[in-house]
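Engineer: Mind folding the following:
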Amino acid sequence: MNNYTTFSACNAFKARQFAIKLTVLLFCFQPAIAQSLRVNKSLNPKEGFIDEYYEYAPSSGLVVAGVMLNNSTEKLDPTHCYSFIPKVAKSLLCVAITSKDGRYKGAFQYDITNVQSGWFQLNFPTEHREELDKYRSDEIIIVSTIADACSSDNEFFYTPSVWRPDSNEEVVIYLNSSEMVFLIGSNEKGVIELRKPFVDVTGRMRPKSFNKKCLVTLKELKQYKMELEYRSGKGPRAEKKYVAFPFKI
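Structural biologist: Sure, this is the predicted structure:
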């Protein structure tokens with residue numbers, strides 16, 4: 001089995017951060033005023049992608065995903081999505097897709113060696129169109145990272161994705177955790193200026209892949225160094241831990 005066939009929404013970040021039982025599954029931008037994004041062109045995935053639909057219960061462990069522009073409860077087109085590629089010296093866009101109920105898992109790699117910065121349509125030839133048509137756009141998450149290798153602990157960045165090309169300013173971060181978790185934003189001097197809690201996720205479908213969410217603006221993501229704060233241990237011996245959340249746009 002090669003490195004790519006083992007890549008999923010889970011192990012992209014597990015290899016980098018594995019010390020806590022926390023599963024972060026996505027960011028998504030929720031529109032204040034929806035406007036069409038300017039899409040450069042479409043990209044096709046490299047060979048060897050994952051496209052699976054099955055009965056699945058996500059394992060525990062740390063999994064950090066990416067960023068999405070939220071399309072609310074609209075139906076999605078499961079044959080493609082959109083991701084932003086920033087100006088960064090990396091060769092791959094790594095995309096993992098997971099359904100809220102944990103039954104679908106996809107993982108795709110896109111060569112971005114010679115592409116310009118901007119929004120791109122990402123095509124993925126799924127064999128599960130009929131099953132995915134049953135989901136709404138807030139029930140399947142897109143995880144996008146920029147890196148030189150999709151399943152390694154090299155430097156990487158999260159970048160936003162979306163099912164439909166609408167621009168948004170409010171960001172929703174989803175995670176799967178039994179712990180109390182906060183989103184922390186620090187300024188250039190290391191002073192914490194932003195601290196927002198994650199709250200329970202509700203909806204028509206029982207969540208297996210994520211159960212908490214936190215709202216933050218795109219401006220705040222650009223302004224602060226972001227981290228996830230949680231407590232390790234119980235009682236008086238519990239101590240605060242922090243997980244970095246690198247983000248580029």
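Engineer: Output stretch 175-186 as PDB, restricted to C-alpha atoms.
Structural biologist: Only the C-alpha atoms of stretch 175-186 are listed here, as PDB (Å, rounded to 0.1, in the frame of the first residue of the first chain):
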ATOM      1  CA  LEU A 175     -15.000  19.200  15.200                       C
ATOM      2  CA  ASN A 176     -15.700  15.900  16.800                       C
ATOM      3  CA  SER A 177     -14.700  15.800  20.500                       C
ATOM      4  CA  SER A 178     -16.000  15.000  23.900                       C
ATOM      5  CA  GLU A 179     -13.800  17.700  25.300                       C
ATOM      6  CA  MET A 180     -14.500  21.400  25.800                       C
ATOM      7  CA  VAL A 181     -12.600  23.200  23.000                       C
ATOM      8  CA  PHE A 182     -12.100  26.900  22.200                       C
ATOM      9  CA  LEU A 183     -10.800  28.600  19.100                       C
ATOM     10  CA  ILE A 184      -8.000  31.000  20.100                       C
ATOM     11  CA  GLY A 185      -6.700  33.900  18.100                       C
ATOM     12  CA  SER A 186      -3.400  35.700  19.100                       C
END
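Engineer: Now it: average pLDDT?
Structural biologist: With pLDDT averaged residue by residue, stretch 175-186 scores 88.
Engineer: now stretch 222-233
Structural biologist: 89.
Engineer: Contacts for it next, please.
Structural biologist: Under the contact criterion Cβ atoms under 8 Å, 6 or more residues apart in numbering, stretch 222-233 has outside partners 19-20, 22, 24, 64, 175, 177, 179-187, 193-195, 238-245, 247, 249. Placement of C-beta: from N, CA and C, glycine included.
Engineer: For that stretch, buried residues please.
Structural biologist: Going by neighbour count (16 or more other Cβ atoms under 10 Å), the buried part of stretch 222-233 is Tyr224, Lys225, Met226, Glu227, Leu228, Glu229, Tyr230.
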